[in-house]
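> got a sequence here, can you build the structure:
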Amino acid sequence: MKRQKTIMACAILAAISTTEIIAAEATEEHQFSANMAMTTDYVWRGYSQSDNHPAIQGGFDYVHSSGFYLGTWASNVESDPGASYNYDGASTEIDLYAGWSGEFSGVSIDVGALHYEYPGTDTRDNNTNEYHLGLGYDFGIASVGATANYSDDYFGADDTYYWDFTAEMPVGMVTLAAHYGITDYDDDNKGDDYADWRIGASIEFKGFGFDLAYTETSGVSGGCKNTTCDGTAIFTVSKAF
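Below you'll find the model as predicted:
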């Protein structure tokens with residue numbers, strides 16, 4: 001559930017992500033890359049997917065000079081019934097995604113599809129398809145982005161939207177980032193609409209990425225009653241190849 005970068009160059013490393021997908025501008029016809037990360041907690045849309053435990057993550061990406069991209073990404077997850085997301089026996093999440101990214105009159109565009117797969121899960125409700133359209137703009141001193149995500153079967157729920165807003169600003173060697181997201185269920189009986197937010201700072205040193213962030217939820221019905229959606233600090237070390 002993590003896209004490592006978005007085309008609008010406003011991604012916030014959540015592990016890492018989202019998990020968001022590809023931001024590299026193709027300088028050759030075909031480009032291949034890989035990434036690995038270790039994080040103290042795999043938090044996605046405000047909820048820990050690893051039950052507040054560390055996670056090891058990584059993926060592979062392909063980009064064509066036309067803007068077409070595809071890739072895969074994986075992380076360990078927690079299937080403990082007490083966790084925020086009970087994947088019914090699955091211990092691994094595998095994401096498969098494809099799309100197109102480009103730029104028009106200074107506005108970056110990213111459109112694509114993402115499939116969340118949980119091998120070994122006891123119910124197919126956990127395996128979900130999601131589609132997105134993202135727009136971004138770089139003002140020079142800072143960049144901003146907005147992405148609309150839609151799923152017609154969101155982990156067993158009906159039509160669900162996720163609205164993602166990001167901002168990123170370099171300050172010397174450090175990059176400051178902020179994110180605000182809204183999960184919107186069409187059928188309120190399937191889930192409670194809520195928001196999540198995140199602020200962080202990242203730096204690159206000797207080929208490694210270091211990210212420190214704080215994330216929290218708001219609007220969870222009755223308040224967050226478990227540690228998996230409480231506010232928490234996350235530290236991530238990553239490496240791109």
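> give me the buried positions along the helix or strand containing Val63.
Per DSSP states H and E: Val63 is located in strand 55-64. Buried residues in strand 55-64, counted by 16 or more other Cβ atoms under 10 Å: Ala55, Gln57, Gly58, Gly59, Asp61, Val63. The way it works is simple: take the backbone N, C-alpha and C, and place the C-beta from them, glycine included.
> list the residues that contact the fourth one.
Read that as Gly59. By Cβ atoms under 8 Å, 6 or more residues apart in numbering, the residues touching Gly59 are Gln4, Ala34, Asn35, Gly71, Thr72, Trp73, Ala74, Asp95.
> surely the last one is in a strand?
What that stands for is Asp95. Yes - Asp95: assigned to a strand according to DSSP: H, G, I helix; E, B strand; the rest coil.
> you'd agree it is up against His115?
Yes - the pair Asp95 / His115 is scored as a contact, 6.8 Å apart, by Cβ atoms under 8 Å.
> those two: which is more packed in?
Ranked by neighbour count (other Cβ atoms under 10 Å), Asp95 and His115 place Asp95 first, with 22 against 14.
> so what's the more buried one bridging to?
Asp95 has these beta-bridge partners by DSSP bridges: Trp73, Tyr116.
> in the chain, where is pLDDT below threshold?
1-27, 80-89, 122-124, 187-191, 222 (pLDDT under 70).
> which residues in it form strands?
30-39, 43-44, 47-48, 55-64, 68-76, 92-104, 107-117, 128-138, 143-151, 160-171, 174-185, 194-205, 208-218, 232-240 (DSSP state E).
> to Lys225, which of those strands lies closest?
strand 208-218 (11.3 Å; Cβ to Cβ).
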